[in-house]
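Student: what follows is a predicted protein model with its sequence.
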Amino acid sequence: MSDDNDLSDELLALAGDSEDQPRRRKRSASSQHKSASKRRKHDTEDEFGDDPESEEDEANPYPLEGKYADELDRQRLLEMPETEREDILSQRMEEMQRFQDKVNLDRMLKAQKGSPDAPNDPVAKAAKRKHTSIGATKEKSKGLEQLKEKRRAKQDNMSRRARSSADDSPAKRRSSSPESDSSDEEGQFRPGDESFDNSTPRHKKEEKEEPLTIDDFNAVRLTREQLAKFCHVTWFQELVQGAYVRYLIGSDENGQPIYRMCEVVDLGADLVKAYTFEGQITDQVLELRHGKDTKLFPMDKVSNSPFTDREVDRLIKICQAGGIKLPTKSRLEKKSHRLQQLTSQRFTDNDITKMMERKSALKQQPSHAHLLQEKSRLNQARNLAISRRDGAEVAELDLKIAELEVLASGVSRDQEEDQWAKVNERNRRLNSEQTKKAEALAVAKRKALMASRSSTPKSAIPGVKPEPKTVNLSAPPDNVTPAAPQTTFDAMVQSVSIDIDF
């Protein structure tokens, strides 16, 4: 068994990291020295003892997630400062790598030697040790070639990750997890890498494939009140990156609000017009992602309520349909723990100073009403300069007015100014309607007066009233036709009286 350990140590020393080679070689030399002095004793013991498996020789030092000894050890590390915790996790990753390489090598050697259930015959064991001694060079070369092949594959993966990480922004590199930072060190295996062989514990794979629940997403949810409380702190960007929010996008046909479950990618790169939400003034926006769509949104429409099952199911279906990878359960757990740390920590003097400076800078911005008053004053001064025919002053005032207009375009009206603007607009509308009604009434009166005047006859001479016409009843009218003269027969008939008896 000592020969197997010596062979494993030699192969690990040849294929291991450069920084571990002196230590491993020293350990190998010491092991060889001890084995040389006690070889006969071990051979005697091996003749009467079983050949234990390599997995039983050395137990897994960190069985919990490959990083912790037990739950108590995990809780103790999580309570440490971040830098100290990262150092410890990095050291443990190195130990796990060496342990895993040792297990893989022992399995490979045992598979080449034959079945581990060989009979406990001393003669057979002696022949086996002799065969191992004779074929050690061949086995060593095969093991070394396999380890070198794995090492080359690991280095290729590391170089690809290094090239991809070079394109990331500093903020994203700062927000990377301790596990991802430690896995970038050369010569280390990390669970989940392509070069990590099939000996990875099965419970770790099952943990990654465990489906996400609504509680997992609610654990990393930020509310509108939290955003308003921490929007001026220096670590606000770290707080929002990777978290989720429930955002209001509108209402349906029944007037019910519609919310979408969105991931916060980052803060907007550019500042916007200052706006107010939850009593705080800010000029920052959130870069939200829902499925494949990514857009900038203000923080005033973030909901304080938790996610619903319907919203979570919708996001999962959209990501699955679009081939978008959902976050793992471990990632959400890590983000939830980080949120608890940031939101529960006390503000330092530096944090308070930065917050006050930020708020003061936002409040010192000129209001929209002040800019309008200044523009009116400049216009009056410009008119006076024009009347004095002072071209230089007119040009200078034009430049100031242009600068003021640019500044006014970047300042939003506050709520009080908007209310006064609405009142003024309503009054202008009422005045316009009343003016139109008065004009229509005046036109109607003029038309009625003109109609009454048109019914009275007018004199041919201006300013002289026409005399009323009189009718002379004693004189025949001029247009009466005289009666025709009577004939002799008619006169005779009229002069004779006739008596008629009945």
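Tutor: All right, it came through fine. Residues are numbered from 1 along each chain as shown.
Student: Ile258: what secondary structure?
Tutor: Here Ile258 is recorded as strand under DSSP: H, G, I helix; E, B strand; the rest coil.
Student: neighbours of it, how many?
Tutor: For Ile258, the neighbour count with other C-beta atoms under 10 Å is 11. No exception for glycine: its C-beta is placed from N, CA and C like everyone else's.
Student: my read: it touches Asp252, true?
Tutor: Yes. Judged on C-beta atoms under 8 Å, Ile258 makes contact with Asp252 at a distance of 5.8 Å.
Student: quick one: Thr294 is in a strand?
Tutor: Yes. Thr294: assigned to a strand according to three-state DSSP.
Student: quick one, what contacts it?
Tutor: 265, 287-288 (C-beta atoms under 8 Å, 6 or more residues apart in numbering).
Student: now swap in Leu397 and tell me
Tutor: Shown in contact with Leu397 (C-beta under 8 Å, 6+ apart): 378, 381-382, 385.
Student: out of those, the closest to Arg446 would be?
Tutor: Lowest distance from Arg446 to the contacts of Leu397 (C-beta to C-beta) belongs to Arg382, with 43.1 Å.
Student: which among the contacts of Thr294 gets closest to Glu82?
Tutor: Val265 (22.4 Å).
Student: tell me the mean pLDDT over the helix or strand encompassing that closest one?
Tutor: In the assignment (DSSP states H and E), Val265 maps to strand 257-267. Mean pLDDT, strand 257-267: 92.
Student: show me what that strand is packed up against.
Tutor: helix 236-240, strand 244-251, strand 286-290, helix 309-321 (3 or more C-beta pairs under 8 Å, 6 or more residues apart in numbering; DSSP states H and E).
Student: buried ones among the contacts of Leu397?
Tutor: By neighbour count, with 16 or more other C-beta atoms under 10 Å, these hold 378, 381-382, 385 as buried.
Student: in TSV, list those residues along with pLDDT, secondary structure and distance to Val240.
Tutor: Converted to TSV, the buried ones among the contacts of Leu397 look like this (pLDDT from 0 to 100; DSSP: H, G, I helix; E, B strand; the rest coil; distance: C-beta to C-beta, whole Å):
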residue	pLDDT	secondary structure	distance to Val240
Leu378	87	helix	41
Ala381	87	helix	47
Arg382	88	helix	47
Ala385	88	helix	51
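Student: of all those, which two lie farthest apart?
Tutor: For the buried ones among the contacts of Leu397, the farthest-apart pair by C-beta to C-beta is Leu378 and Ala385; their separation is 10.3 Å.
Student: the domain parsing of the chain - what is it?
Tutor: Domain assignment for the chain by automatic domain parsing gives 2-208, 214-361, 366-430.
Student: start and end of stretch 261-278, how far apart?
Tutor: Start to finish, the residues bounding stretch 261-278 are 21 Å apart (C-alpha to C-alpha, to the nearest Å).
Student: give the buried residues for that stretch.
Tutor: Of all the residues in stretch 261-278, those buried under the rule 16+ other C-beta under 10 Å are 261-267, 274-275, 277-278.
Student: also stretch 225-239?
Tutor: Buried residues in stretch 225-239, defined by neighbour count with 16+ other C-beta under 10 Å: 226-228, 230-233, 236, 239.
Student: got the CA positions of that stretch in CSV?
Tutor: The C-alpha trace of stretch 225-239 is given here as CSV (Å, rounded to 0.1, in the frame of the first residue of the first chain):
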residue,chain,number,x,y,z
GLU,A,225,-39.0,51.5,-0.1
GLN,A,226,-35.7,49.8,0.0
LEU,A,227,-34.6,51.5,-3.2
ALA,A,228,-35.5,54.9,-1.8
LYS,A,229,-33.7,54.1,1.5
PHE,A,230,-30.4,53.1,-0.1
CYS,A,231,-30.4,55.0,-3.4
HIS,A,232,-27.7,57.5,-2.2
VAL,A,233,-25.3,55.0,-0.6
THR,A,234,-22.0,54.2,-2.2
TRP,A,235,-22.7,50.5,-2.5
PHE,A,236,-26.1,50.9,-4.1
GLN,A,237,-24.9,49.4,-7.4
GLU,A,238,-23.8,46.2,-5.7
LEU,A,239,-27.2,46.1,-3.9
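Student: residues making contact with it?
Tutor: 171, 174-175, 222, 240, 266-267, 277-280, 282, 284, 299, 302, 304, 338-339, 342-343, 347, 350-351, 354-355, 358-359.
Student: quick one on the thing from earlier: mind listing the strands the strand holding Val265 pairs with, and their directions?
Tutor: Under the criterion DSSP bridges, strand 257-267 sits next to strand 244-251 (antiparallel), strand 286-290 (antiparallel) in its sheet.
Student: what packs against the helix or strand following it?
Tutor: The element immediately downstream of strand 257-267 (helix or strand, assigned by DSSP H and E) is strand 275-277. On a contact count with 3+ C-beta pairs under 8 Å, 6+ apart, strand 275-277 meets helix 224-230.
Student: what average pLDDT does the helix it packs on get?
Tutor: Mean pLDDT, computed over helix 224-230, is 91.
Student: now render the buried residues of stretch 261-278 as JSON lines, adding distance to Asp216.
Tutor: Below are these laid out as JSON lines (distance: C-beta to C-beta, whole Å):
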{"residue": "Met261", "distance to Asp216": "12"}
{"residue": "Cys262", "distance to Asp216": "16"}
{"residue": "Glu263", "distance to Asp216": "13"}
{"residue": "Val264", "distance to Asp216": "16"}
{"residue": "Val265", "distance to Asp216": "19"}
{"residue": "Asp266", "distance to Asp216": "21"}
{"residue": "Leu267", "distance to Asp216": "24"}
{"residue": "Ala274", "distance to Asp216": "35"}
{"residue": "Tyr275", "distance to Asp216": "32"}
{"residue": "Phe277", "distance to Asp216": "27"}
{"residue": "Glu278", "distance to Asp216": "26"}
